[in-house]
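**Q** Provided below for reference: sequence and predicted model.
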Amino acid sequence: IAIKAAIKTVSAKNANFGLKVRCGANDDGYTVYFAGGKIGIGKKSNGTWRVLKETASQSPLHEMSQLAVVLHGDQIVAYVNGKSVLTVSDNELKSGSVGVMAYNSAAIFHDIQIQRIPQKLPLNWHP
């Protein structure tokens, strides 16, 4: 599955906002987020939050950026403006819903799209 949205913050420097995937009970799930000048992929499982991977964000948070998350088997790939920026492998959470997230901040989400992706991805495929 792939989810993408145009996204930006309208609040403070410490904004924390992003897209959630494979969400289930107790707010468990994966989150691809912008926070504190970074972009990251995190997981909440059995009520415990864990950062899986983070890197410096090259996107100005107060400008609209295209954020996308692609789930393909145990691979979770984050894209910003069409460019792959983070990849992690994790197979704990296998299904669930999708959503948006803003924590201690206000954010604008626009043009949210969800799509199924082919079982076997073409080499040049991206969201």
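**A** Structure's in. What do you need?
**Q** tell me what the residue minimising distance to the centre of the chain is bridged to.
**A** Closest residue to the average C-alpha location of the chain: residue 32 at 2.4 Å, with C-alpha atoms, centre = their mean. Assessed by DSSP bridges, residue 32 has beta-bridge partners residue 19, residue 41.
**Q** ok, residue 103 next?
**A** residue 16.
**Q** all helices of the protein, in order?
**A** In the chain, no helices are defined using DSSP state H.
**Q** one step back: show me the contacts for the residue nearest to the centre of the chain.
**A** 18-19, 21, 39-41, 67, 69, 76, 78, 86 (C-beta atoms under 8 Å, 6 or more residues apart in numbering). (Each C-beta comes from the backbone N, C-alpha and C, glycine too.)
**Q** can you give me the neighbour number for residue 62?
**A** Burial measure for residue 62: 12 neighbouring residues, criterion other C-beta atoms under 10 Å.
**Q** I should have written residue 84 there, sorry.
**A** 13.
**Q** what pLDDT does the model give the spatially closest residue to it that is not a sequence neighbour?
**A** In space, and not counting its chain neighbours, residue 84 is closest to residue 77: 5.7 Å by C-beta to C-beta, 6 or more residues apart in numbering. At residue 77, the pLDDT value in this model is 93.
**Q** returning to what we had before: tell me how far the residue nearest to the centre of the chain lies from residue 65.
**A** 12 Å (C-beta to C-beta, to the nearest Å).
**Q** what's the burial count for the closest residue to residue 18 other than its chain neighbours?
**A** Computed as C-beta to C-beta, 6+ apart, the closest residue to residue 18 that is not its neighbour in sequence is residue 33, at 3.3 Å. Residues lying near residue 33 (other C-beta under 10 Å) number 25.
**Q** so that it lines up with my notes, have the first residue be 25 from now on.
**A** Sure, I'll start numbering at 25, so the last one becomes residue 57.
**Q** nice, that's everything, thank you.
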